[in-house]
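Undergrad: quick one: sequence and predicted model below, then my questions.
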Amino acid sequence: MKLGYHIGYWSSGPPEGALEAITTAERLGFDSVWTAEGYGSDALTPLAWWGSATERVTLGTNIVQMSARTPTATAMAALTLDHLSGGRFVLGLGASGPQVVEGWYGQPYPKPLARTREYVDIVRQVVAREAPVVHAGAQYQLPLRGGTGLGKPLKSTVHPLRSRIPIHLAAEGPKNVALSAEICDGWLPLFFSPKSDAFYRAALEEGFAARADDMPGGREDFEVAASVPVIVHDDVEQAAAMIKPSLALYIGGMGAKEVNFHHDVFARMGYADVADTVQDLYLAGRKDEATAAIPTSLVEDTALIGPPAKIRDELQAWEETVVTTLLVRGDAATLRRVADVLG
């Protein structure tokens, strides 16, 4: 199993020591470095800026939000970064949720799977550069229908370094996970648990079965890069306490009560009552109580925490899942310690 470093998105400003952590990850033999975006920092600029200090690691977005850019704009960025990195770029895409899509980007959220399918098709066309891009979909039209009538199909002026840039899809629900296996080269899970491996494996198999026969890649090449907190600490409860506030935010406060995909992940994992309690408390403004309502067992199901021997023992369960890469976070010192335990 490979290791990757996930910088994540910024909070109030750039994460301190990010460049040192990235270069440390490369020196330690990490396979990849990833950036993210929410509704503050973007994913592409930090990847280009900090990625320029690397020579070997794969540089990926986890994730670029589709509603933030048209498919052709995203494809332009992918072409550019792939050239600048010498063919090391991976495009990680995600639909995000209605709170951000409609509240921040002012774009409609309905039919995210159909939108994703069309989006990926357009990006593939731009990168392949085999012909002017044409797409007559329900979500996107190139050229645009109902405009001035002056638009015409265009082909990128930039020739691709690679005619096929890997595309990974962030997904949590079974239909979206299946879609990643059908049309993409990888899946970017969040809150993955070895307990849920059979569920996700079945969803991926459904997608592989629907994959076009002439589409490159497949099961043998498919990447699953899971964001997994790893905290090496002698006290398991103290380690869990470092993660619980973030879990409370995602379970309770990311999205609306009616639509929160993170909440649903934990409900499927067997923590439906816990997830409901955390959500009710969080939305009522009782964040400390929401955090306290998360059992350590839930943390241990989705993270590797505790003394080195415990982590090494539990790692075996992860190695038997569909996950091919563990994406970890932290500063340079944390990465060195994680590499020592997991390496």
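TA: Happy to help now that I have it.

Undergrad: now the helices for this protein?
TA: In the chain, the segments counted as helices under DSSP state H are 18-27, 44-51, 71-84, 98-103, 112-128, 174-183, 197-210, 236-248, 261-266, 272-283, 287-292, 296-302, 308-319, 332-342.

Undergrad: could I get these as TSV with mean pLDDT, mean neighbour count and distance to residue 64?
TA: Just so you know, the C-beta spots here come from the backbone N, C-alpha and C atoms, and that holds for glycine as well. Shown next, in TSV, are those (pLDDT from 0 to 100; neighbours: other CB atoms under 10 Å; distance: least, CB to CB, whole Å):
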stretch	mean pLDDT	mean neighbour count	distance to residue 64
helix 18-27	97	20	18
helix 44-51	98	19	7
helix 71-84	98	20	6
helix 98-103	92	17	13
helix 112-128	98	20	10
helix 174-183	97	21	15
helix 197-210	97	16	21
helix 236-248	96	17	21
helix 261-266	87	21	18
helix 272-283	94	19	27
helix 287-292	96	17	29
helix 296-302	96	19	24
helix 308-319	97	14	26
helix 332-342	95	17	24
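
Undergrad: tell me which of these lies nearest to residue 62.
TA: Ranking the helices of the chain by proximity to residue 62 (CB to CB) places helix 44-51 first, at 9.9 Å.

Undergrad: which strands or helices does that closest one pack on?
TA: Counting contacts by 3 or more CB pairs under 8 Å, 6 or more residues apart in numbering; DSSP states H and E, helix 44-51 is packed against helix 18-27, strand 32-35, strand 58-61, helix 71-84.

Undergrad: between that helix and helix 18-27, how big is the angle?
TA: With axes from the mean of the first three to the mean of the last three CA atoms, to 10 degrees as the basis, helix 44-51 and helix 18-27 are set at 60 degrees to each other.

Undergrad: who touches helix 44-51?
TA: Residues from elsewhere that reach helix 44-51, judged by CB atoms under 8 Å, 6 or more residues apart in numbering: 7, 10, 14, 18-19, 22, 33, 35, 59-61, 64, 77, 81, 84-85, 88.

Undergrad: list the contacts of stretch 271-283.
TA: Stretch 271-283 has contacts (CB under 8 Å, 6+ apart) with 247-249, 251-253, 257, 260, 263, 266-267, 287, 289-290, 293-295, 298.

Undergrad: swap the cut-off to 6 Å and go again
TA: Residues from elsewhere that reach stretch 271-283 (CB atoms under 6 Å, 6 or more residues apart in numbering): 248, 251, 252, 253, 263, 266, 267, 289, 290, 293, 298.

Undergrad: okay, the closest residue to residue 242 other than its chain neighbours: pLDDT?
TA: Nearest non-adjacent residue to residue 242, counting by CB to CB, 6 or more residues apart in numbering: residue 231, 5.8 Å away. Reported pLDDT at residue 231 in the predicted model: 95.

Undergrad: I'd like the numbering to begin with 22 instead of 1 from here.
TA: New numbering, starting at 22: the last item is residue 252.

Undergrad: and the gap between residue 252 and residue 356?
TA: Using CB to CB, to the nearest Å, one gets 12 Å for the distance from residue 252 to residue 356.

Undergrad: go on, residue 150?
TA: Separation of residue 150 from residue 356 (CB to CB): 37 Å.

Undergrad: how does the chain divide into domains?
TA: Structural domains of the chain, as assigned by automatic domain parsing, span the residue ranges 23-252+328-363, 255-327.

Undergrad: ok, residue 329 touching residue 362?
TA: Yes. Residue 329 is within contact range of residue 362, at 4.7 Å (criterion: CB atoms under 6 Å).

Undergrad: now do the end-to-end distance for stretch 106-123.
TA: Using CA to CA, to the nearest Å, the end-to-end distance of stretch 106-123 comes to 33 Å.

Undergrad: how far off centre is it?
TA: Between the centre of stretch 106-123 and the centre of its chain there are 7 Å (CA atoms, centre = their mean, to the nearest Å).

Undergrad: what does stretch 138-150 give?
TA: How far stretch 138-150 lies from its chain's middle: 19 Å, per CA atoms, centre = their mean.

Undergrad: list the contacts of that stretch.
TA: By CB under 6 Å, 6+ apart, stretch 138-150 touches 87, 92-93, 95-96, 154, 156, 158, 160-161, 176-177, 181, 184, 186, 204.

Undergrad: got the CA positions of that stretch in CSV?
TA: Provided in CSV are the C-alpha atoms of stretch 138-150 (Å, rounded to 0.1, in the frame of the first residue of the first chain):
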residue,chain,number,x,y,z
ARG,A,138,-20.8,12.0,-16.4
GLU,A,139,-21.0,14.9,-18.9
TYR,A,140,-18.2,16.9,-17.2
VAL,A,141,-15.8,14.0,-17.4
ASP,A,142,-16.6,13.4,-21.0
ILE,A,143,-15.8,17.0,-22.0
VAL,A,144,-12.6,17.0,-20.0
ARG,A,145,-11.5,13.8,-21.8
GLN,A,146,-12.3,15.3,-25.2
VAL,A,147,-10.2,18.4,-24.5
VAL,A,148,-7.2,16.5,-23.2
ALA,A,149,-7.3,13.9,-26.0
ARG,A,150,-7.4,16.8,-28.6
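
Undergrad: report the contact partners of the residue nearest to residue 263.
TA: Residues near residue 252 by CB under 6 Å, 6+ apart: 260, 263, 326.

Undergrad: got the residues you listed as TSV, with distance to residue 131 columns?
TA: Shown next, in TSV, are the contacts of residue 252 (distance: CB to CB, whole Å):
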residue	distance to residue 131
260	40
263	37
326	38
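
Undergrad: good, we can wrap up now.
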